[in-house]
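J.: my questions are about this predicted structure, shown below with the sequence.
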Amino acid sequence: MNNQTTSLEYSHFPVMLNEVLKISSPITNKKFIDCTFGGGGYSREILKFSKTNIKAIDRDKKTLSLGKKLEQSFPNRFRFYQIKFSQLDSISDDHVDAVIFDLGLSSIQLDDLERGFSFKSNKKLNMTMGLNEISALDVINNLDEGNLKLIIKILGDEKEASKIAKNIVSYRNVKKITNTSELVKIIEKSKKKIHTKKINPCTKTFQALRIFVNKEITELIYGVVNATKNLKPGGKILVISFHSLEDRIIKYYFTNFSKNKSRPSRYLPESKIAETALFDEYKNKIFRPSKKEIEQNNRSRSAKLRFAVRSNNKFEYPKDLITKFKKYLDLEAINV
């Protein structure tokens, strides 16, 4: 265990760390929530600044030992909680200076082939990030063809979702699908074109299943809402996303609940929007990893960082955010 912890500590590359620190500055004597603790990269760097205080969360049980170790090193400045984004209210604190989200899979999860996230290994279908109710094994073998098609099409943006879902059901009628290599063969059989230089034919289906199994869209939406409640006026929420749906949700949230939101009606005064906006004017600026960072950590290549600044208005629940992405929330609520 000690060897594993050491490995996690020193092989973890927090994405766009310099940009996160610059946006969050000044850092000294500030309070943070690190919503994706992972290998502890952001937390350890922030703790280097004097009088900083961090609450860190992660749903992955493999992060627990590292989180507790950091608690021992900084007993009065760092606390770790094994919870999901949607449970942020359980550690509520409305005087936080910055909340950081680094979405998608962590290096810990990607490097552990036994967890079945990768289509490049022959392992048991799993894809759970932690604190899960279901696994990919359950989804693939129990959901009906129609719902499988919806999940693969909507969450994976897979054009051939219908054929993939049909072939999954045909295969499992003969034999239960238990490992990643079986699913890979089904997907490859279903695809008209096999392998381009840009993307593996299995990428979108595996992404869709992973998102569904972990309810990633539900967790993201309720997570950023809970994070906003925790921010003090002038506090910042930073989100690093890795696929277009995540980024679309964050862009919509920051844009439509900021003071520079377009008026839904010309008869509604701009002052009314300014009085209820959760964020100050949002500049729609996107930060991307530098060429040097991508060379050092290729997994950062698709990352996008956005941030917004909390206004001094009273928090009002952003119902329109839930309505806008209800299709995804309903999809992730399907019983398996």
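T.: Nice, I can see it.

J.: pLDDT score assigned to residue 201?
T.: pLDDT recorded at residue 201 is 93.

J.: which ones are touching the closest residue to it other than its chain neighbours?
T.: Distance criterion C-beta to C-beta, 6 or more residues apart in numbering; nearest residue to residue 201, sequence neighbours excluded, is residue 191 at 4.4 Å. No exception for glycine: its C-beta is placed from N, CA and C like everyone else's. The contact partners of residue 191, by C-beta atoms under 8 Å, 6 or more residues apart in numbering, come to 160, 164, 201.

J.: distance to residue 77, neighbour count and secondary structure for the residues you listed - can I get that in CSV?
T.: Formatted as CSV, the contacts of residue 191 follow (distance: C-beta to C-beta, whole Å; neighbours: other C-beta atoms under 10 Å; DSSP: H, G, I helix; E, B strand; the rest coil):
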residue, distance to residue 77, neighbour count, secondary structure
160, 51, 18, coil
164, 49, 28, helix
201, 47, 21, coil
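
J.: which of those lies closest to residue 104?
T.: residue 201 (20.2 Å; C-beta to C-beta).

J.: correct me, but the closest one touches residue 186?
T.: No: between residue 201 and residue 186 there is no contact under C-beta atoms under 8 Å: 10.9 Å.

J.: about what we covered before: how close does the residue nearest to residue 201 sit to residue 231?
T.: Distance of residue 191 to residue 231, computed by C-beta to C-beta, to the nearest Å: 44 Å.

J.: and the top strand by length along the chain, how far out from the chain's middle?
T.: In terms of residue count, the longest strand belonging to the chain (DSSP state E) is strand 231-241. In terms of C-alpha atoms, centre = their mean, to the nearest Å, the centre of strand 231-241 is set 15 Å apart from its chain centre.

J.: how about residues contacting it?
T.: 15-16, 20, 23-24, 94-104, 224, 227-228, 246-247, 250, 303-312.

J.: run the chain-centre distance for the helix or strand just after that strand.
T.: Note on strand 231-241: by DSSP states H and E, the next helix or strand toward the C-terminus is helix 244-256. When distances are taken as C-alpha atoms, centre = their mean, helix 244-256 is centred 13 Å away from the chain's centroid.

J.: swap in stretch 221-237?
T.: Using C-alpha atoms, centre = their mean, the offset of stretch 221-237 from its chain centre is 15 Å.
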